[in-house]
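Student: below is the sequence, then the predicted model.
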Amino acid sequence: MSDCAPLVSPYPFQSRRFGEQLFIGGVLPISPEGTLRGAGDIEAQTHAVFRNLHVALKSAGLEMSDLVRLNTYYVFEGYESDATLYWEKMTRVRLQYLPNPGPAATAVRVRGMGRSGALIQLEAEAFAAPAAQRQRIMPSKSWDWSIPVPLSQGWKIGSQVWVGGQVSADMAGKAVSIGDLPGQTHNVLEHIRHVLLDAGAGFADLTQLKVCYLHDGDAHAAEQRLQEIMKVIRDICGETLPPVTAFGISLLYEGLLLEIDATAHVGLASKALQTRASNRNWAAEHQVLRTGSHIQIAGLSARYKALEPACEDVVNQLALKLEAVGSSPTALAHLHVFIAGDEANDAPEHAMSLFAAALKQLCGESLPPFTVVRVNGLPRGVPLQVDAVAVDLVKQLQP
């Protein structure tokens, strides 16, 4: 099927195109032969991942200006007071590659990747659409970054909306509502609301929420923090939430307690699968949400502590969710794979290979793009959580 064929890509990234939409995952600072570039040097590694991203886009006949979403995962283990300076150092390299205007972006600090020594990893989404069909969203009531960047708060193409990572910050990139978790959550949701409003959408049009919450090593405190965040989200967005993925990290600006990005579809009827009784991701009722040809699957949590059975368990759950909305593994466009715990941190390559092996049992040799990230913690202390987006063009075209 030509509209849904995986692109032949070198090892530093994986990509898959569905019509005009391209999904790119697992962009690492490595050579096509698998050699790590720029060991210990965030600037060298940032150059490497953006060069690989450019190759991925070019392989699909697209350009950097076609990007609508860019997620950057990076590692920083220094003093907290130096975290913003580190981000700025990394971002000054990113500015050499980012178009103007740039994509809606989320950059989060994580424990590591699925590759030892990797300090940065990208995953992205691009859309081949003329400039006249692309709406950049920069609400007047918003926050700004600590240094000038061409990034966007959101993009809209057709009915699709991408909302970049929103934080409780001011126009100078400084955290606000310090120490006030409900206040910060309210501020973040207000930023998302204004992006949606400018796109002609509202909270009811959300198809996905990704919640990054502060996890500083105290698992109980982190769990309480997430529960409080989700309570505010429910109070503001309504009880029936879209698919939600939540993971614990160290945040960029000092004083930040959370960051949220989102996607939405405007004005399309959706088919949602509600699984209240068996919901493993307690954050949302909707584990699967189908909107036209697009399918969002919430963060599916493993029910086993050891990684090998955890990977098999989550992949089996994924297959059931796709089947429940009349789709199949061939529609998978990208998976986020969040892992936590000593087993993954001690042997990240082995953890990534375990997930790839489990996914191969579902998808065969043609694996969809997936991005493996090691985080500080996951809801309820699980070792693995996976979310997914799928695009089912065949089902969409059927009468």
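Tutor: Ah, there it is.
Student: all helices of the stretch 1-150 of the chain, in order?
Tutor: 42-59, 83-94 (DSSP state H, counting those that start in this stretch).
Student: mind putting those into TSV with distance to Asp387, mean neighbour count and mean pLDDT?
Tutor: In this view, the C-beta of every residue, glycine as well, is placed from N, C-alpha and C. As requested, the helices of the stretch 1-150 of the chain are exported to TSV (distance: least, CB to CB, whole Å; neighbours: other CB atoms under 10 Å; pLDDT from 0 to 100):
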stretch	distance to Asp387	mean neighbour count	mean pLDDT
helix 42-59	21	20	96
helix 83-94	24	18	90
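Student: looking at these, which is nearest to Ala356?
Tutor: helix 42-59 (18.5 Å; CB to CB).
Student: that closest one vs helix 83-94, what angle?
Tutor: 40 degrees (axes from the mean of the first three to the mean of the last three CA atoms, to 10 degrees).
Student: what would helix 42-59 look like as PDB? C-alpha coordinates only.
Tutor: Only the C-alpha atoms of helix 42-59 are listed here, as PDB (Å, rounded to 0.1, in the frame of the first residue of the first chain):
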ATOM      1  CA  ILE A  42      25.800  18.200  23.900                       C
ATOM      2  CA  GLU A  43      26.600  20.600  21.100                       C
ATOM      3  CA  ALA A  44      28.200  17.900  18.900                       C
ATOM      4  CA  GLN A  45      25.400  15.500  19.600                       C
ATOM      5  CA  THR A  46      22.800  18.200  18.800                       C
ATOM      6  CA  HIS A  47      24.400  18.900  15.500                       C
ATOM      7  CA  ALA A  48      24.300  15.100  14.800                       C
ATOM      8  CA  VAL A  49      20.600  14.600  15.600                       C
ATOM      9  CA  PHE A  50      19.500  17.600  13.500                       C
ATOM     10  CA  ARG A  51      21.600  16.300  10.600                       C
ATOM     11  CA  ASN A  52      19.900  13.000  10.900                       C
ATOM     12  CA  LEU A  53      16.500  14.700  11.100                       C
ATOM     13  CA  HIS A  54      17.300  16.500   7.900                       C
ATOM     14  CA  VAL A  55      18.200  13.300   6.200                       C
ATOM     15  CA  ALA A  56      14.900  11.700   7.400                       C
ATOM     16  CA  LEU A  57      12.900  14.600   6.000                       C
ATOM     17  CA  LYS A  58      14.800  14.600   2.700                       C
ATOM     18  CA  SER A  59      14.300  10.900   2.300                       C
END
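Student: begin at 38 from now on, thanks
Tutor: Taking 38 as the first residue, the last one we looked at is helix 79-96.
Student: name the residues that touch it?
Tutor: Identification of contacts with helix 79-96 by CB atoms under 8 Å, 6 or more residues apart in numbering yields 44-47, 49-50, 52, 59, 61, 64-67, 74-75, 100-101, 103-104, 111, 123, 126-127, 130-131, 133-134, 155-159, 161, 163.
Student: circling back: which stretch among the helices of the stretch 38-187 of the chain comes nearest Ala339?
Tutor: Set against Ala339 and scored by CB to CB, these come closest in helix 79-96, at 27.9 Å.
Student: distance from the chain centre to that closest one, please.
Tutor: Between the centre of helix 79-96 and the centre of its chain there are 18 Å (CA atoms, centre = their mean, to the nearest Å).
Student: returning to what we had before: of the contacts of helix 79-96, buried ones?
Tutor: Among the contacts of helix 79-96, those classed as buried by 16 or more other CB atoms under 10 Å are 44, 46, 49-50, 52, 59, 61, 64-67, 74-75, 101, 103-104, 111, 123, 127, 130-131, 155-159, 161, 163.
Student: out of those residues, name the ones that lie in strands.
Tutor: Using DSSP state E, the subset of the buried ones among the contacts of helix 79-96 located in strands is Ser52, Leu59, Ile61, Val64, Leu104, Tyr111, Ile157, Gln158, Leu159, Ala161, Ala163.
Student: what bridges to the first one?
Tutor: In this entry, Ser52 is beta-bridged to Ile61, by DSSP bridges.
Student: Pro406 is in contact with that one, correct?
Tutor: Yes: look at Ser52 against Pro406 with CB atoms under 8 Å: they come within range, at 5.8 Å.
Student: who's in contact with the closest residue to Ser365 other than its chain neighbours?
Tutor: Residue nearest to Ser365 in three dimensions, not counting chain neighbours: Leu359, with 5.9 Å by CB to CB, 6 or more residues apart in numbering. Applying CB under 8 Å, 6+ apart to Leu359 gives the contacts Val325, Ile332, Ile334, Ser365, Pro366, Ala368, Leu369, Ala427.
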